[in-house]
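>>> Next comes the sequence, and after it the predicted model I'd like to discuss.
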Amino acid sequence: YNIPPMTFFDVKEAFDTFQQQQSNNNNEELDDNLSTLLLELPHRELGGKCTPWSDILLMRQLCTEQGIQFHCDGARFFEA
């Protein structure tokens, strides 16, 4: 596969999109909040590619700042 692994900027864009949708729906009573980001490494669907470690650290920092739980499943990280 020639698909790049997920990066911090992909996650940041997804968070921003979710927050924008939340603010656009302020007329409706929504109790939907992001609670957890789950990152599985390596990405088997992408041919075993790994997200760069620096991006993983930025994802964790973003989640901490936003009050979102972060789980990084890297059971096969060193096999990639």
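Arrived safely, thanks for sending.

>>> so how many other residues sit close to Phe70?
17 (other C-beta atoms under 10 Å). Glycine gets a C-beta too; all of them are placed from N, C-alpha and C.

>>> May I have the residues that are in contact with the residue lying closest to it once chain neighbours are set aside?
Nearest-residue entry for Phe70: Cys63, 4.0 Å, with adjacent residues in sequence omitted and distances by C-beta to C-beta, 6 or more residues apart in numbering. Going by C-beta atoms under 8 Å, 6 or more residues apart in numbering, Cys63 touches Leu37, Gln69, Phe70.

>>> What is the burial count for Pro42?
The number of residues packed near Pro42 is 19, by other C-beta under 10 Å.

>>> going forward can the numbers begin at 861, since that is how I track them
Okay, residue one is now 861; in that scheme the one you just asked about reads as Pro902.

>>> Next, Pro902: phi, psi?
Per-residue torsions, Pro902: phi -80, psi 170 (degrees, to the nearest 10).

>>> Tell me where the model's unsure across this protein.
The model of the chain has pLDDT under 70 over residues 861, 886-892, 904-906, 908, 936-940.

>>> which residues in it form strands?
For the chain, strands defined by DSSP state E occupy the ranges 896-900, 929-933.

>>> Could you name the helices and strands sitting against the last one?
Judged by 3 or more C-beta pairs under 8 Å, 6 or more residues apart in numbering; DSSP states H and E, the packing partners of strand 929-933 are strand 896-900, helix 913-926.

>>> mind running it again at 6 Å?
Applying 3 or more C-beta pairs under 6 Å, 6 or more residues apart in numbering; DSSP states H and E, one finds that strand 929-933 makes contact with strand 896-900.

>>> ok, and which of the strands of the chain has the densest surroundings?
Among those, strand 896-900 has the highest mean neighbour count (mean count of other C-beta atoms under 10 Å), at a mean of 14.

>>> which residues are in contact with that strand?
Cys923, Ile928, Gln929, Phe930, His931, Cys932, Asp933 (C-beta atoms under 6 Å, 6 or more residues apart in numbering).

>>> farthest-separated two in those?
Spanning the widest gap among those are Ile928 and Asp933, at 16.0 Å by C-beta to C-beta.

>>> Spit out the contact partners of Lys909.
With contact set as C-beta under 6 Å, 6+ apart, Lys909 has these partners: Pro865, His903.

>>> That's all I had, so thanks and see you.
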